[in-house]
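J.: Give me the fold of what follows.
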Amino acid sequence: MSDIPPLSQREQEHLTYLNVYMLYNEAKDKRLKYKRFGALFIIISGLVFLALMFSLESKIELLCLWIITIIYCVTMMIRADYKYCLYKNMLGVCDEFDLSELDEGDDEDDCNIQNISE
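T.: Residues are numbered from 1 along each chain as shown. Here you go, the predicted structure:
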């Protein structure tokens, strides 16, 4: 039998980085899907539940189900966004969303500085 040498500290850290980066990419994809389809699902479920409420007699139960559906969808969207931000902060990654926020913030600061100096 051949003995496999143990991994060095550097190799373990690199493997950990790759695993976290993989989780970051999965969280990023999931976040984009939830943003895209979450709001659409909430609107469609609203239309379906409203149609059912006006056609059936169990209005209170359908209203409660509609509210539970909205809360569940929003919770899933917040959870996906939280995981994305968690992995992004662990890796210290700056993505396209951060750059657009910085550009918008810089313009506002420049306008404020110009208004103060005048």
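
J.: okay, and for the protein, where does confidence drop off?
T.: 1-2, 97-118 (pLDDT under 70).

J.: 90 - rerun?
T.: Within the chain, the stretches with pLDDT under 90 are 1-9, 11-13, 53-59, 89-118.

J.: Just the helices from it, written as ranges.
T.: For the chain, the helices defined by DSSP state H cover 9-55, 59-91, 96-117.

J.: Now do the first one: which elements does it pack against?
T.: Looking back up the chat, that one is helix 9-55. Secondary-structure packing of helix 9-55 (3 or more Cβ pairs under 8 Å, 6 or more residues apart in numbering; DSSP states H and E): helix 59-91. For every residue, glycine as well, the C-beta is placed using N, CA and C.

J.: ok, now which ones touch the residue most central in space within the chain?
T.: The centroid of the chain falls nearest to residue 81 when counting by Cα atoms, centre = their mean (2.3 Å). For residue 81, the contact set (Cβ atoms under 8 Å, 6 or more residues apart in numbering) comprises 31, 34.

J.: Please report how far it lies from residue 31.
T.: According to Cβ to Cβ, to the nearest Å, residue 81 stands 6 Å off from residue 31.

J.: Kindly reformat the helices of the chain as a markdown table containing distance to residue 3.
T.: Below are the helices of the chain laid out as a markdown table (distance: least, Cβ to Cβ, whole Å):
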| stretch | distance to residue 3 |
| --- | --- |
| helix 9-55 | 16 |
| helix 59-91 | 34 |
| helix 96-117 | 46 |
